[in-house]
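> predicted model follows, preceded by the sequence.
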Amino acid sequence: MMIALIARLQMRELVRRRLALVAGLLTVIIGALTAWGLYSLVHHVGRNGTTLSEPMVRAAAANIVILLAFFFTIALATGAALVAAPALAGEVESGVALVILARSIRRSEIVAGKWIGTLVAIGMYAVLAAGLELALVRAVTGYLPPHPFVALAYLFGVAAVICTAALALSARLPAIAAGIVAVLLYGVAWIGGILGAIGTSLDNERLVDAGTIISLIFPSDALWRGAIYALEPAVFVAAANTVNTGGNPFAVAAPPPAAMLIWSAGWIAVVFALAVALFRRRDI
Amino acid sequence: MLLGLVFPTGGTATVLGKPLGDRKTRRAIGYLPELFRYQEWLSAREVLAYHAALLELETRTRGRAIDAVIESVGLTGRGDDRVGTFSKGMQQRLGLAVALLGDPPLVILDEPTSALDPLGRREVRDLLSALRERKITVFLNSHLLTEVERICDRVAIVDRGRVVAQGAIASIVGDSRSVRIRAAGESAMLDATAARFGTLVREDGWMTITGIEPEAIADAVSALVAAGARISVVEPLHATLEDRFLELVRKR
């Protein structure tokens, strides 16, 4: 009851502060640019009057979808960090929290409400933005990636990892510091993933281990790789499995193992519990 | 600490008979912080509705309860405006409304008139008097000692974290033990008469008698009149809470 109240208010704030409107407008602009680019590709006429064959268009569309997914992961990741961090710390800093925490609400309910509010808002945005982009790609090129819903679930997982981290950090750090640190951790994890991939392609165990350790500490990149895998057509996967990609972060040969998914879920639960524990004993 | 916002490093205390920070007890406390801020992207009524939900007030009566507090703090007609458009004084009124929502038996107000103009201060003073009549305990924290003196029944003076005096205002300030009289007449005669009642100081046509018992003032006035004084003003001098505060704090 209290959790739902806090979550609803959190979402209402995103709408009232026009973040939802701005994000929606930018997404529509990006969608329009994508559609225009794909249309130009489909109707491309070379110097000798040739057009692109359908497999070529589909391959290009598949690449563009993966790059779009990468862009949206960054948008979701930074969005999750920058929405979740001020949700706790911002209210404490501004003094809004004083009168709320003085009520008979549990601090854990506030943390949970903010967490759910942020995740629901980000989930809704992810579904709408991805739906729009995929519909446009489909309408212009006829291409649809093999597992769009699985990819979406992975992208949401990335956002959940970063949102939870930002919330835990903001239980003690100032809002801006918590947001920046969460985004940096996401960046470090991404680089860790690339290191691991380079290690695999060079057969360098140390690099592979480093990549694995980083992804265990901050599992966002492992989930992002799951999203790419779900978006790759079979021929891309086959290529990634046979050709040495040299650590290309946009080519993935296999989805993350089930153990990694369980680890990520456990990681989110533990970091969330940490956020509650840290916020519970904070002097306001 | 009373509201569970800050944790004690040691010791125990109770509020409304329950240990410090008890969650259920907090439902019975209204609070206006000194540095008040409310969600500026909500309207005043929405802020109050949010607090009504936090208080778990009955849904049926929420609207009425909100209207009542809006009216009591003088925000009638502005309830649907965004908090972001409010002046500091209006936000403080909203803060008071939030604190009074749900008729809590204990209201903790930290500098409730700091952002208000003289008219607003007067209104808040009247509001607090009305709360007193409804037997609601108001815990007022203020540096405006004249306000405190006018509103409060009991005070505690805290200096560097320690209570240096507490009790009813009269017991802290003490009784009036001096009187100022403006009188015309033969000075030497009047001075001799006045000096019988206490120590006399003459200044600009005023006679100030200190160390006089309050019940002896009438006798002093009669004696002066008998000595030929034409009296235009008699003014018992009260020590103020501020005087007492300065005295206590400087002593340390």
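Here it is on my side, so go on.
> on the three-state scheme, the residue of chain A most remote from its centre is what?
Distance from the centre of chain A peaks at A:Asn48, with 42.5 Å (CA atoms, centre = their mean). For A:Asn48, the assignment made with DSSP: H, G, I helix; E, B strand; the rest coil gives coil.
> quick one: the helices in the stretch 101-250 of chain A?
With DSSP state H, counting those that start in this stretch as the criterion, the stretch 101-250 of chain A has helices at A:107-141, A:148-170, A:175-202, A:205-217, A:220-231, A:234-242.
> give me the residues contacting the worst-scoring helix or strand of chain A on mean pLDDT.
Every helix and strand of chain A was ranked by mean pLDDT, DSSP states H and E. The lowest is helix A:234-242, at a mean of 85. With CB atoms under 8 Å, 6 or more residues apart in numbering or on different chains as the test, helix A:234-242 has contacts from A:59, A:62, A:146, A:229, A:232, A:251-254. C-beta here means a position set from N, CA and C on the backbone, and glycine is covered the same way.
> apply 6 Å and report the result again.
With CB atoms under 6 Å, 6 or more residues apart in numbering or on different chains as the test, helix A:234-242 has contacts from A:251, A:253.
> which stretches of the chain have low pLDDT?
Defaulting to chain A. For chain A, applying pLDDT under 70 flags the ranges A:246.
> hmm, I had chain B in mind actually
Applying pLDDT under 70 to chain B flags the ranges B:175-176, B:252.
> chain A contacts on that one?
Selection of chain B residues close to chain A by CB under 6 Å from any CB of the partner chain yields B:3, B:5-6, B:23-24, B:26-27, B:31, B:33, B:35, B:37, B:41, B:53-54, B:98.
> looking at those, which are in strands?
Using DSSP state E, the subset of those located in strands is B:Tyr31.
> how many neighbours does the nearest residue to B:Thr113 once chain neighbours are set aside have?
Excluding its sequence neighbours, the residue lying closest to B:Thr113 (CB to CB, 6 or more residues apart in numbering or on different chains) is B:Arg121, at 4.6 Å. B:Arg121 is flanked by 18 other residues according to other CB atoms under 10 Å in any protein chain shown.
> distance of B:Arg121 relative to chain A?
Per CB to the nearest CB, to the nearest Å, B:Arg121 is found 22 Å from chain A.
> please enumerate the strands of the stretch 1-150 of chain B.
B:14-15, B:18-19, B:29-32, B:106-110, B:137-141 (DSSP state E, counting those that start in this stretch).
> cool, the stretch 151-252 of chain B as well?
B:154-159, B:162-168, B:178-184, B:199-203, B:206-210, B:230-237.
> mind listing what the second one pairs with, with the direction of each?
Put plainly, it is strand B:162-168. strand B:154-159 (antiparallel) (DSSP bridges).
> what angle sits between the partner strand and strand B:137-141?
Strand B:154-159 runs at 30 degrees relative to strand B:137-141, counting by axes from the mean of the first three to the mean of the last three CA atoms, to 10 degrees.
> quick check: the nearest residue to B:Ile66 once chain neighbours are set aside vs A:Gly117, distance?
Take B:Ile66 and drop its neighbours on the chain: the residue closest to it by CB to CB, 6+ apart is B:Leu48, 4.5 Å away. Counting by CB to CB, to the nearest Å, the gap from B:Leu48 to A:Gly117 is 21 Å.
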